[in-house]
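1. Next comes the sequence, and after it the predicted model I'd like to discuss.
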Amino acid sequence: MNEIAQAALIILSSAEPSTGLTVGGWTMMLGSIGLVTVLCVFCLVRIFAEKSPSAHHHTPLDIDTHDS
């Protein structure tokens, strides 16, 4: 058991420490998350802000198929 603990201690001590994100990484991550969030909010506002359906919105019953 002592040999396993020593081996684990050697492996852990030889590992490089985690440095985290660089400034470029933070910029890319925050920029992409911000862009996706803004796009989602923009689309939801456009969907829910419309008071009534306009002429370009059709349901299957409104479409004339010229069938007699």
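-> All right, it came through fine.
2. other SSEs contacting the longest helix anywhere in the chain?
-> As assigned by DSSP state H, the longest helix anywhere in the chain is helix 23-49. Packing contacts for helix 23-49, counted by 3 or more C-beta pairs under 8 Å, 6 or more residues apart in numbering; DSSP states H and E, involve no helix or strand. All C-beta atoms are positioned from the backbone trio N, CA, C, and that covers glycine.
3. Just give me how far that helix sits from the chain centre.
-> 8 Å (C-alpha atoms, centre = their mean, to the nearest Å).
4. List the buried residues of it.
-> Buried residues in helix 23-49, counting neighbours by 16 or more other C-beta atoms under 10 Å, are absent.
5. Can you check the pLDDT for residue 10?
-> Residue 10 carries a pLDDT value of 79.
6. does it count as helix, strand or coil?
-> Three-state call for residue 10 (DSSP: H, G, I helix; E, B strand; the rest coil): helix.
7. Quick one: neighbours of it, just the number.
-> Using other C-beta atoms under 10 Å, residue 10 has 9 neighbouring residues.
8. Give me the residues contacting the worst-scoring helix or strand of the chain on mean pLDDT.
-> Within the chain, no helix or strand scores below helix 2-14, which has a mean of 79 by mean pLDDT, DSSP states H and E. By C-beta atoms under 8 Å, 6 or more residues apart in numbering, no surrounding residue is in contact with helix 2-14.
9. Show me which parts of that helix are buried, residue by residue.
-> Residues of helix 2-14 include none that count as buried (16+ other C-beta under 10 Å).
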